[in-house]
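Q: one predicted model, sequence on top.
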Amino acid sequence: MAPVRGDGMRGLAVFISDIRNCKSKEAEVKRINKELANIRSKFKGDKTLDGYQKKKYVCKLLFIFLLGHDIDFGHMEAVNLLSSNKYSEKQIGYLFISVLVNTNSDLIRLIIQSIKNDLQSRNPVHVNLALQCIANIGSRDMAESFSNEIPKLLVSGDTMDVVKQSAALCLLRLFRSSPDIIPGGEWTSRIIHLLNDQHMGVVTAATSLIDALVKRNPDEYKGCVNLAVSRLSRIVTASYTDLQDYTYYFVPAPWLSVKLLRLLQNYNPVTEEAGVRARLNETLETILNKAQEPPKSKKVQHSNAKNAVLFEAINLIIHSDSEPNLLVRACNQLGQFLSNRETNLRYLALESMCHLATSEFSHEEVKKHQEVVILSMKMEKDVSVRQMAVDLLYAMCDRGNAEEIVQEMLNYLETADYSIREEMVLKVAILAEKYATDYTWYVDVILNLIRIAGDYVSEEVWYRVIQIVINREEVQGYAAKTVFEALQAPACHENMVKVGGYILGEFGNLIAGDSRSAPLVQFKLLHSKYHLCSPMTRALLLSTYIKFINLFPEIRTNIQEVFRQHSNLRSADAELQQRASEYLQLSIVASTDVLATVLEEMPSFPERESSILAVLKKKKPGRVPENEIRESKSPAPTSITQNNTHVNHNNKLNSNANADLLGLSTPPANNINNLSNSNNSALLDVLGDIYGNNNAAVYNTKKFLFKNNGVLFENEMLQIGVKSEFRQNLGRLGLFYGNKTQVPLTNFHPVLQWSAEEALKLNVQMKAVEPTLEAGAQIQQLLTAECIEDYADAPTIEISFRYNGTQQKFCIKLPLTVNKFFEPTEMNAESFFARWKNLSGEQQRAQKVFKAAQPLDLPGARNKLIGFGMQLLDQVDPNPDNMVCAGIIHTQSQQVGCLLRLEPNKQAQMFRLTIRASKETVTRVICDLLADQF
C-alpha cells in the first residue's frame, strides 16, 4: 500500500485497504458494519476525542457513504469540526455537511451559525470553505440566510480577490435557485463595476454572474455593456506576455473573452453609443485579424483556444447583423475552415454559415462557397457534417441557384444516409415550392422525390402537390401526363399511386385524347397497382374509379364489374366493401346529370401557410432558418369524393391516417387492417384535440370526467389516446397506443388491474394486442365495459414494455368513472323541486363547499356539467347563476336517479355543490368526483 500523505490518518488508510481486499460483497458488508459499530461506540462513549480523531472517523463515514451505504449518525461530530481552526479538520467537516446533511435537518441552524462565523473570519481560506459549502448546498434556506453577507463580501473593498471569486460563483449558484437573492438599486452598479476589477479571476467569475443577471433583467444591467467592451478590447489587444497568469497556450484569457462575447449577445443592438460601437467593431476586427496570423504553437490546445474566441466573435457579429464589412469578413474566414482537416472545425464553420446565409449583407458571400458545400454533402465521412452541409445548402438557396441546389440534393438523396433522408425530402419540397418559377418543374421535383425516396415522403408533401395542381389550371394537363408516365414503371411506390389516382381522377380527361393514355388504358394502369396497395390507397382508387365513370362513360361497365367484385365477400375489408357497394349503386341509379353534379371537379383549396415547413420545424426545432416560405398551406386532401358526393360513406381509413394520433407516418398496413374491421370502426375517427401536444409527460385523467375523447397519457416514448362511447349500462373504449420513438417497443403488454370484487360491479373485457409496437406506428386496443351496479373507483391498466433494452412500466387510470353511464333527463321546475324535496333524507344527499380553482368561470362550469353526462336544466332555479342538472345512472341491477345543484358565490369566489340521489353510495361518489373541479 502506498504511504499515507499529509497528516496521516493511518486508520483510514488501513480501513480502505481492508475494504479493497474483501473477496465478496458479504465480507465487505461485514467489515463496514464492524467499523460502523466501532465509530458509533467512539462517538457515544469517548468524550475526549480530539479533532484529529473526529476528522478520521468522519472521513470513514464519508467513505462508507460513497460505497452506497446509509449513514444515520456522525452529523454532530462533523458540525463540531467546523469550529476547529485547523484547515484539514474544517475542510472535512464542510465536506461531510455538503454531502450528507439534509436541508431539513435540525442541525441546519448550528451549521448556518458556524458558516456565518467563518464568513466573518480574517482567514480567507476559512471564508472560502464556507462559501463553497453554501454553494454546494444551494438551498433556498441558504439563500435567505446569507442574502446580505455574500453580496457585501463580493463588492467590499476589503475583501481579498480569491474570496471575491468564490463569492461571485456562490452568489450565481444561489441566484439559480432563488432569483430574488440579488439586491437591486445601488448594488446593481457595484456588481457591474466588478468588470473593471484588477484581478482577472474576479472579472471571470463576475462575468458569469452578470451574464445570468442580464438574462433575467437586461434593462437593469445594461450598464455592463460599456465595461464589457472595454475589458474585451484590452484583452484582445494585449500581448500574451501581459497576462501571463491568464494566458493559455499564447492566447490571452480565452475563457474570459468567450464569456464577455456571450454577455454582449444578450443585447440587440449591443449598444446605441457610437464610440462604444466603434470600439467593439475594432475589437472584433482585431480578433478576425489574429485568426489570419501564423499560429504561435503547433499544439492543439493553442488552436482550440484561438478558435473558441474566433467563433464566439463571429456569433456576436451574426447576432448584431448590422456591420456588412464584419459579416463578409466572417464569412470568408469560415470559408477557409470548410477545407480544414479538423472535422469539428468544418462542422462549426458550416453551422455558423447557416446563420450568415440568412443575413442580407452576407448571403451573396455565402453563395460563393456553394461548390465546396455541395462537395461536403457528398464526400464527408461524418454524417453530422453532411447533415450540416444540407442545412447550409437549404439556407443559401434563392431564386438564382434553386434549380441547381435542388438537383444536387435530389442526386445525393439516392445514396444519402437513412437518418437524414426524411429531412432532405422536406427541404427539397419546400425549396421547390418556394422558388418555383414554373410549376411543371415543381411537379417533376416532387414526383422525382417520390420515385427516389418514396418511403420518406410524408403525407404533407404529396398533399401539397395535389393542392398546387388543383389550384393552378396551367399545370393540370402536364401533371396528368407526367404522373401517367411515372405509373408505367414496373416498381412504383405507393405514394406515387396515391398522387396518380388523385390527379387522374380529376384531370385524366386532359390526356384522354392520346390513344396511349386512353380512358381504358388509364383505368387498367391504375387497377394493375390496386392489389399491391394498402386499404387506404385502395379506398382512394375506388374513389378515382367512380370519378372515371363521370369523366369516361364508355368504360362504365369495366368499372362497375370491379365494384361488384369488391362489394361482396371477395374483399375482406368492411370499409372497401361499403365503399364499392355505394359507388356501384350510385353508378347504376344516378342519372348522367346527377353524376356530373355529385362528382364534379374539386374546388380550389384555400391558401394558408405551408404545412411542410411546420413539419420540418417540428423535426428540427431551432435548426430551420427563419426566411422560409410563408405562403400557402394545403389542407390534407380528403378522399376525392368526400367533399363532392352526398354519399355518406364516412371515410374511416383516410380519417384514421390523416388524423394520426401522434402526427406520425401512416401506420403499417397490418395495423390498418386490424383497426378497420367492422367491430371497431366506430372508434376510428381519431380525435380532433390531439394535435399540438408537446413531448412533456402528460397524464390527463381528470379531464375525462367531462369528455370521452382525447390524449390520456403522453411522454417522450408513448402516447395513449382514447375514444369512447356509452349507451345505458354498456360502454366501449378504443385505446390508441402510439410509439413516438425511432425503435420498436417490444414485449408490449397492457394488463387490466381490476379486482374480482370490483368486477362484480363493473365488468371490463380487454382484447389482446400485438407484443411489438413498431417505431412510429400506432395500434388500437378495444375494451368493453358493463356497469352491473354503482362503484366508486375506476379500473387501472398496467403497461409494460422494453425500450432500448430497458424495462418500462407505468399504471394509468382508465376514464371509466360511474358518471359515464348517465342518461340526461329533462325536467321542468315543478318536477325538479318535487323530486328534490323527496330526496331530502340524510343518506340521500351530499354537499361540499369549496373555493373556485380559478376566477369564477360560469360558462366553463356549465360546459363541464354538460360533459359530465347529466342534463343541464335552464330556467329551473330562481337564481339565474345557479346550475341544476338531472340524470339517471343505468346499471344492470337498477336505475339510480340523481339531481345536482351548483351554487356560485361570486364575492367569496366559492361554490356549493349539492347532490341528491336515490342511493347513498351514488350520492357520495358523484359529489367526490365533482368537488374542486370548477
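A: Arrived safely. Numbering: from 1, shown residues only.

Q: mind checking how far residue 385 is from residue 413?
A: Distance, residue 385 to residue 413, using C-beta to C-beta, to the nearest Å: 17 Å. The way it works is simple: take the backbone N, C-alpha and C, and place the C-beta from them, glycine included.

Q: also residue 491?
A: On the measure of C-beta to C-beta, residue 491 and residue 413 end up 17 Å apart.

Q: ok, the two, which is more surrounded?
A: Per other C-beta atoms under 10 Å, whichever of residue 491 and residue 413 has more neighbours is residue 413, with 19 against 8.

Q: wait, the more buried one sits on residue 422?
A: No. In this structure, residue 413 is not within contact of residue 422 by C-beta atoms under 8 Å, at 10.6 Å.

Q: and whatever helix or strand residue 91 lives in, what's its mean pLDDT?
A: Element membership of residue 91, judged by DSSP states H and E, is helix 87-100. For helix 87-100, mean pLDDT is 89.

Q: could I get the pLDDT score of residue 696?
A: Per the predicted model, pLDDT is 40 at residue 696.

Q: ignore the last one, residue 392
A: At residue 392, pLDDT is 94.

Q: which elements pack onto the helix or strand where it lies?
A: If you go by DSSP H and E, residue 392 is part of helix 383-396. Counting contacts by 3 or more C-beta pairs under 8 Å, 6 or more residues apart in numbering; DSSP states H and E, helix 383-396 packs against helix 343-356, helix 363-367, helix 370-379, helix 402-413, helix 418-434.

Q: that one: which residues count as buried?
A: For helix 383-396, the buried set under the neighbour-count rule, 16 or more other C-beta atoms under 10 Å, comprises 385, 386, 387, 388, 389, 390, 391, 392, 393, 394, 395, 396.

Q: specify which member of these is nearest to residue 749.
A: residue 387 (36.6 Å; C-beta to C-beta).

Q: my guess is the closest one meets residue 420, correct?
A: Yes. Residue 387 is within contact range of residue 420, at 5.1 Å (criterion: C-beta under 8 Å).

Q: what touches both of those two?
A: The contact sets of residue 387 and residue 420 do not overlap (C-beta atoms under 8 Å, 6 or more residues apart in numbering).

Q: tell me how far residue 35 lies from residue 80.
A: When residue 35 is compared with residue 80 (using C-beta to C-beta), they lie 20 Å apart.

Q: report pLDDT for residue 320.
A: For residue 320, the model assigns a pLDDT of 88.

Q: excluding residues flanking it in the chain, which one is nearest it?
A: residue 270 (5.9 Å; C-beta to C-beta, 6 or more residues apart in numbering).

Q: now do the contacts for that neighbour.
A: Contacts of residue 270 by C-beta under 8 Å, 6+ apart are 225, 229, 264, 277, 280, 316, 320.

Q: could you do residue 447 as well?
A: 465, 482, 483, 486, 496, 499.

Q: any idea of the mean pLDDT for whichever helix or strand it is part of?
A: Per DSSP H and E: residue 447 is located in helix 439-453. If you average the pLDDT over helix 439-453, you get 90.

Q: specify the angle between the helix or strand following that helix and helix 439-453 in degrees.
A: Moving toward the C-terminus from helix 439-453, the next helix or strand (DSSP H and E) is helix 459-471. Here the directions of helix 459-471 and helix 439-453 differ by 150 degrees (axes from the mean of the first three to the mean of the last three C-alpha atoms, to 10 degrees).

Q: which helices and strands sit right next to helix 459-471?
A: Counting contacts by 3+ C-beta pairs under 8 Å, 6+ apart, helix 459-471 is packed against helix 418-434, helix 439-453, helix 476-487, helix 494-507, helix 611-619.

Q: go through the ones you listed and pick out the most buried.
A: Highest mean neighbour count of the helices and strands packed on helix 459-471: helix 494-507, a mean of 25 (counted as mean count of other C-beta atoms under 10 Å).

Q: list the contacts of the helix or strand just after that helix.
A: As assigned by DSSP H and E, the chain's next helix or strand after helix 494-507 is helix 519-530. Residues outside helix 519-530 that contact it (C-beta under 8 Å, 6+ apart): 484, 487-488, 492, 497, 500-501, 504, 508, 511-512, 538, 541, 544-545, 548, 551-552, 554-555, 558-559, 562.

Q: quick one: distance of the next helix-or-strand element following helix 519-530 to the chain centre.
A: With elements assigned by DSSP H and E, the helix or strand that comes after helix 519-530 is helix 535-551. Its chain's C-alpha centre and that of helix 535-551 lie 38 Å apart, by C-alpha atoms, centre = their mean, to the nearest Å.

Q: equivalent analysis for stretch 792-799, please.
A: The chain centre lies 27 Å from the centre of stretch 792-799; the measure is C-alpha atoms, centre = their mean.

Q: now do the same end-to-end measure for that stretch.
A: 23 Å (C-alpha to C-alpha, to the nearest Å).

Q: so how far is residue 784 from residue 767?
A: 9 Å.

Q: circling back to that earlier point, helices or strands up against the helix holding residue 91?
A: helix 51-66, helix 75-81, helix 124-137.

Q: quick one: residues in contact with the helix holding residue 392.
A: By C-beta under 8 Å, 6+ apart, helix 383-396 touches 343, 346-347, 350-351, 353-354, 357-358, 363, 366-367, 370, 373-374, 376-378, 380, 405, 408-409, 416-417, 419-420, 423-424, 427, 430-431, 623, 625.

Q: lowest mean pLDDT among the helices and strands, pick that one out for the protein.
A: helix 652-658 (a mean of 33; mean pLDDT, DSSP states H and E).

Q: run the angle between the helix holding residue 392 and helix 343-356 for me.
A: 20 degrees.

Q: how distant is helix 383-396 from the center of its chain?
A: With C-alpha atoms, centre = their mean, you get 23 Å for helix 383-396.

Q: just want the angle from it to helix 418-434.
A: Using the same axes, to 10 degrees: helix 383-396 against helix 418-434 is 0 degrees.

Q: what angle do helix 383-396 and helix 370-379 make?
A: 150 degrees.

Q: pLDDT below threshold where in the protein?
A: The chain contains residues with pLDDT under 70 at 1-8, 103-104, 240-242, 569-571, 607-610, 617-701.

Q: can you list the domains in it?
A: Taking the TED database as the reference, the chain has its domains at 439-599, 698-816, 819-932.

Q: from the ones you listed, which stretch is densest packed?
A: It is domain 439-599: most buried of the domains of the chain by mean count of other C-beta under 10 Å, with a mean of 19.

Q: quick one: that one to chain centroid distance?
A: 38 Å.

Q: then stretch 89-100?
A: Using C-alpha atoms, centre = their mean, the offset of stretch 89-100 from its chain centre is 40 Å.

Q: other residues contacting it?
A: Here stretch 89-100 makes contact (C-beta under 8 Å, 6+ apart) with 51-52, 54-55, 58-59, 61-62, 65, 71, 74-75, 78-82, 84, 111, 118, 126, 129-130, 132-133, 136-137.

Q: now these: which count as buried?
A: Counted by 16+ other C-beta under 10 Å, these give 51, 54-55, 58-59, 61-62, 71, 74-75, 78-82, 84, 111, 118, 126, 129-130, 132-133, 137 as buried.

Q: surely residue 346 meets residue 336?
A: No. Contact between residue 346 and residue 336 fails when scored by C-beta under 8 Å: they sit 10.7 Å apart.

Q: so between these two, which is more surrounded?
A: Comparing residue 346 with residue 336 by other C-beta under 10 Å, the one with more neighbours is residue 346, at 22 against 13.

Q: I appreciate the help and will end here.
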